[in-house]
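Asker: How does the following fold in three dimensions:
(one chain, ligands or ions: 1)
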Amino acid sequence: MSQLAIVYHSAHGHTEFIARQVHAGASEVDGVEAHLVRAEDIARTPEDLVGYDGFVFGSPTYLGGVSGPFKSFMDSTGRLWRTQQLEGKLAAGFTVSSLPSGDKQSTLLSMFVFSMQHGMLWVGNPILPEQHAGVPYDEAANRLGSWSGLMAQAGHAAPADAFVPGDVKTARMFGRHFARSLERVLVPA
Ligand SMILES: Cc1cc2nc3c(=O)[nH]c(=O)nc-3n(C[C@H](O)[C@H](O)[C@H](O)COP(=O)(O)O)c2cc1C
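Answerer: Sure, this is the predicted structure:
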């Protein structure tokens with residue numbers, strides 16, 4: 001079984017809700033075992049990352065970047081960077097914010113650069129925006145039009161599961177796509 005870790009931080013539950021959708025989508029793929037991993041937990045034992053084949057990173061967008069706890073997780077991997085122990089693993093990212101744009105792109109870019117510094121292989125989000133095919137905007141896959149990673153949006157102070165159906169669907173498709181990519185790219189040792 002390929003081992004996939006969805007490493008996320010969530011202060012108020014929105015990012016965790018999306019992480020669970022990504023997990024559900026990934027779990028539909030035979031041969032892949034998906035794990036939900038809190039960034040704060042694995043930051044204490046970053047060497048555990050070596051045991052996974054791929055990572056989907058998730059953070060809320062805070063002031064146009066990753067959250068503090070997610071950055072602490074990233075910084076905890078410095079020793080792994082020196083020895084490039086994550087080289088060749090697959091990586092992808094998602095972020096949640098309260099505004100339609102909210103500068104989510106720079107959060108994804110931060111995860112991308114982090115993954116590149118570790119020598120990982122980045123997996124994007126190839127889902128075509130379904131509103132172009134006539135699906136109502138709130139129900140459309142990739143309605144926010146993000147290809148570098150997964151974006152989702154929930155209103156400020158909304159309940160943690162208050163995402164439109166399109167974002168829930170996109171997160172599941174994204175998880176499925178990442179898990180299939182793992183299966184396609186990874187050559188058994
Ligand atoms: C300190 C802070 C900064 C934030 N900055 C942004 C931002 O730049 N853009 C945005 O759209 N939302 C911003 N938000 C809103 C969060 O991204 C949003 O509430 C998100 O759903 C929180 O995720 P969580 O429930 O997983 O903690 C910010 C929230 C906080 C607390």
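Asker: ok, now how distant is residue 102 from the ligand?
Answerer: 2 Å (CB to the nearest ligand atom, to the nearest Å). The way it works is simple: take the backbone N, C-alpha and C, and place the C-beta from them, glycine included.
Asker: Walking through the chain, point out its helices one by one.
Answerer: Under the criterion DSSP state H, the chain contains helices at 14-27, 39-42, 68-75, 78-83, 104-117, 165-185.
Asker: so can I have a markdown table of the ones you listed showing mean pLDDT, distance to residue 53 and mean neighbour count?
Answerer: Putting those into a markdown table (pLDDT from 0 to 100; distance: least, CB to CB, whole Å; neighbours: other CB atoms under 10 Å) gives the following:
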| stretch | mean pLDDT | distance to residue 53 | mean neighbour count |
| --- | --- | --- | --- |
| helix 14-27 | 98 | 12 | 23 |
| helix 39-42 | 98 | 15 | 17 |
| helix 68-75 | 98 | 19 | 19 |
| helix 78-83 | 97 | 15 | 12 |
| helix 104-117 | 98 | 14 | 19 |
| helix 165-185 | 97 | 6 | 22 |
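Asker: looking at the ones you listed, which is closest to the ligand?
Answerer: helix 14-27 (3.2 Å; CB to the nearest ligand atom).
Asker: which strands and helices sit next to that closest one?
Answerer: Helix 14-27 sits against strand 2-8, strand 32-38, strand 54-60, strand 90-97, strand 150-153, helix 165-185, with contacts defined as 3 or more CB pairs under 8 Å, 6 or more residues apart in numbering; DSSP states H and E.
Asker: go with 6 Å
Answerer: strand 2-8, strand 32-38, strand 54-60, strand 90-97, helix 165-185 (3 or more CB pairs under 6 Å, 6 or more residues apart in numbering; DSSP states H and E).
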